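Visitor: Next input, structure requested:
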Amino acid sequence: MAKVSASHLSSRTKSSKVAMPINLLKYLLITNHSRYNHFFSCNICLKLRPRNAFADKQLQAKRRKDGTQKDRRFCLDCGCCNKMYQPGHFLKVNGRDEVLCAMCRERCRYGRYCTRCRMCEPCISKLPPAPVPSILISEELEDRCPQCWLKAGDFAIDLGKPPGEFQLEDMLMAMKMSEFESDYGFTGSPEWFEEDIAHGNF
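Guide: The predicted model follows:
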């Protein structure tokens with residue numbers, strides 16, 4: 001049996017490591033590697049999650065995909081469960097405000113939120129109303145929080161309406177405006193029809 005020299009063996013192993021079949025090289029060149037562009041990793045639950053599962057700050061600056069602190073990124077669910085996000089802490093998610101409720105521990109996206117009670121509108125409505133202060137008259141109670149009786153403009157923040165309600169209002173507004181245009185020959189201002197839609201006059 002012929003002896004194989006050490007130098008000959010090392011040259012063979014080196015060449016086998018460097019050489020790559022041409023068909024495999026072509027396959028790697030045409031493979032689509034941007035498959036998870038819109039997914040980000042959470043370093044607490046160790047899951048790939050979509051963009052809307054993270055606060056905007058977790059996807060920007062040092063915590064972006066190629067940032068220096070990408071290993072510290074965490075999703076909204078993990079942030080709420082591990083008490084990194086506290087009730088009353090406003091978050092930006094896809095450019096919209098969200099806030100954590102102290103009672104149901106859910107992220108509030110729509111409706112009113114009282115920053116003093118730190119509760120969302122559905123949770124406040126489930127509780128019995130607090131005693132009315134004697135200095136307030138009945139006309140002043142409508143735009144106040146029924147728990148702390150503070151003015152809506154001062155402490156209660158309106159996060160907006162659900163998308164379904166916007167779609168319904170937009171559809172009704174379009175119907176009213178098209179009806180007006182067919183009757184009078186010109187387009188009316190949307191402000192003319194807002195009161196009719198609010199009172200259910202279609």
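
Visitor: and the closest residue to residue 39 other than its chain neighbours, what are its bridge partners?
Guide: Spatial nearest neighbour of residue 39, excluding adjacent residues (C-beta to C-beta, 6 or more residues apart in numbering): residue 48 at 4.4 Å. Where you see a C-beta, it was placed from the backbone N, CA and C, and this is true even at glycine. Residue 48 forms beta bridges with residue 41, as assigned by DSSP bridges.

Visitor: pLDDT value on residue 48, please?
Guide: Note for residue 48: predicted pLDDT of 86.

Visitor: Wait, it touches residue 41, no?
Guide: Yes - contact criterion C-beta atoms under 8 Å: residue 48 and residue 41 qualify, at 5.7 Å.

Visitor: more crowded one of those two?
Guide: Using other C-beta atoms under 10 Å as the criterion, residue 48 and residue 41 rank with residue 41 on top: 17 against 10.

Visitor: quick one, domains of this structure?
Guide: Domain assignment for the chain, taken from automatic domain parsing, gives 37-79, 86-160, 163-198.

Visitor: ok, of the ones you listed, where does mean pLDDT dip lowest?
Guide: Among the domains of the chain, domain 163-198 scores lowest, at a mean of 59.

Visitor: Quick check: residue 99 is in a helix.
Guide: No - when classified by DSSP: H, G, I helix; E, B strand; the rest coil, residue 99 is found to be strand rather than part of a helix.

Visitor: Is there a neighbour count for it? I'd like the number.
Guide: For residue 99, using other C-beta under 10 Å, the count is 20.

Visitor: you'd agree it is up against residue 119?
Guide: No - with contact defined as C-beta under 8 Å, residue 99 and residue 119 do not form a contacting pair (10.0 Å).

Visitor: joint contacts of the two?
Guide: residue 113 (C-beta atoms under 8 Å, 6 or more residues apart in numbering).
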